[in-house]
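**Q** Prediction below, plus the sequence it came from.
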Amino acid sequence: DASDIEKGTYPHYMLKEIDEQPLVIRKIVQEYRAEDGSLHIDDEIVAAMKESDRVYIVAAGTSYHAGLVGKQLIEKMAKIPVEVHIASEFGYNMPLLSEKPLFIFISQSGETADSRAVLVNVKAQGYKALTITNVPGSTLSREADYTLLLHAGPEIAVASTKAYTAQIAVLSILAAVTAKSRGHEIDFDLAKELGIIANAMEVLCDEKDDFEQIARDFLADTRNAFFIGRGIDYYVGLEGSLKLKEISYIQAEGFAGGELKHGTIALIEDGTPIIALATQEIVNLSIRGNVKEVVARGANPCIISMKGLEMNGDTFVLPEVHELLTPLISVVPLQLISYYAALHRGCDVDKPRNLAKSVTVE
Ligand code: G6P
């Protein structure tokens, strides 16, 4: 059938979509470039960002995890406070809003009912909304005031991969363009850094054997697995744990490194896999301290660090990229490790049990 053609020589859509990520990042840079070569976002969207005193990001699942990274990008570059909310919670538990809120809905499909319920609610209250989506003309795009497209191409696998990195890339461009309009100096060339990201993603996609081996070494027959990180690595760990649980059915959880001692460490047993991310200089020593704590209790540590921050014995060292953009590459090994873990365990990678690609009921 038609879907077989689209999959090409790939055994699964998920693997194909992971591999498409470098292309998608390059495409996004191209789509958001003005004639003079600078990155560009529609003036009315930038004006809406500029006028708001607080941004409320609303999303579900993987898109929520992209939103957490987006908060960091917008706060650090554009210096506007950002709250990130799970759509289904926001609907019934509306927080106190600032005077001039701007809502950003992040949704790959543009059809998620939980997110739409919030959109309808905030529109009824007269607030402005921007939808960041992969699907032009989708419900969330039509009903919002503004839309930014992901240009990621159709995502078929239920477990989202290229949409997540596309969402972060588009959010980074929105953050940088808004920053500029607010007179905040960005001391790096984002288009160039995204090019470096695309190249780094390519390198990672060429190292699939390493990730297959890691999946075998750490996840072949484990009951559970924990992801730890600090700062932005924590957010990527949440996404890594979601990927793993969605498709391999391993009970996986992401934690902030510092929170381990407040509870999760009780779960560490002999051989429990701990996947630790270390891409941030400022927390490099503290996350490694956390790894030592769990290793002392028998954990099997898989440390994914970034070039320049690596230490002896790290499991995998990522190519060096700009420290604000590390989620774009640190998530790739986690996607691939999840893929191979699911494969080895005989799971239906593209169509995991109980899950739907787009959830149109609340
Ligand atoms: C479903 C999918 C997830 C996705 C979530 C949000 O649960 O299985 O992969 O992250 O919906 O979807 P959206 O289209 O709004 O990003």
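**A** Sure thing, it's come through.

**Q** and the residue lying closest to Phe90 once chain neighbours are set aside, how many neighbours?
**A** Nearest residue to Phe90, sequence neighbours excluded (CB to CB, 6 or more residues apart in numbering): Val118, at 5.0 Å. Bear in mind the C-beta positions are built from the backbone N, C-alpha and C, glycine included. Neighbourhood size, Val118 [other CB atoms under 10 Å]: 27.

**Q** can you check Arg223 too?
**A** Quick note: Arg223 (other CB under 10 Å) scores 10 neighbours.

**Q** now Ala252
**A** For Ala252, using other CB under 10 Å, the count is 25.

**Q** same thing with the one 4 residues further on?
**A** Neighbour count for Ala256, taken as other CB under 10 Å: 19.

**Q** So what pairs up with it in the strands?
**A** Gly229 (DSSP bridges).

**Q** mind listing what the residue nearest to Phe90 touches?
**A** Val58, His85, Ala87, Phe90, Gly91, Phe103, Phe105 (CB atoms under 8 Å, 6 or more residues apart in numbering).

**Q** Now the residue in the stretch 151-300 of the chain that the ligand sits nearest to. Nearest residue, chain neighbours left out?
**A** The minimum distance from the stretch 151-300 of the chain to the ligand, using CB to the nearest ligand atom, falls at Ser160 (4.1 Å). In space, Ser160 comes closest to Thr62 once its chain neighbours are excluded; the distance is 4.0 Å by CB to CB, 6+ apart.

**Q** quick one: that neighbour and Lys162 touch, right?
**A** No - with contact defined as CB atoms under 8 Å, Thr62 and Lys162 do not form a contacting pair (10.6 Å).

**Q** More neighbours: the two, which one.
**A** Neighbour count, other CB under 10 Å: between Thr62 and Lys162, Lys162 has more, with 28 against 22.

**Q** Centre-most residue in the protein?
**A** Ala66 (3.8 Å; CA atoms, centre = their mean).

**Q** How is it assigned, secondary-structure-wise?
**A** helix (DSSP: H, G, I helix; E, B strand; the rest coil).

**Q** so who does it touch?
**A** Contacts of Ala66 by CB under 8 Å, 6+ apart are Ala59, Ile106, Tyr164, Gln167, Ile168, Leu171, Glu239.

**Q** just Glu20 next, same as before
**A** So, once contact is read as CB under 8 Å, 6+ apart, Glu20 ends up touching Ala152, Gly153, Lys162.

**Q** got CSV for those residues, with pLDDT too?
**A** Formatted as CSV, these follow (pLDDT from 0 to 100):
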residue, pLDDT
Ala152, 97
Gly153, 96
Lys162, 98
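
**Q** quick one on the thing from earlier: is there a neighbour count for the residue of the stretch 151-300 of the chain closest to the ligand? I'd like the number.
**A** 28.

**Q** Could you do the one 5 residues further on as well?
**A** Look at Thr165: counted by other CB under 10 Å, it has 30 neighbours.

**Q** Surely it is in contact with Gln21?
**A** Yes - counting by CB under 8 Å, Gln21 is a contact partner of Thr165 at 5.2 Å.
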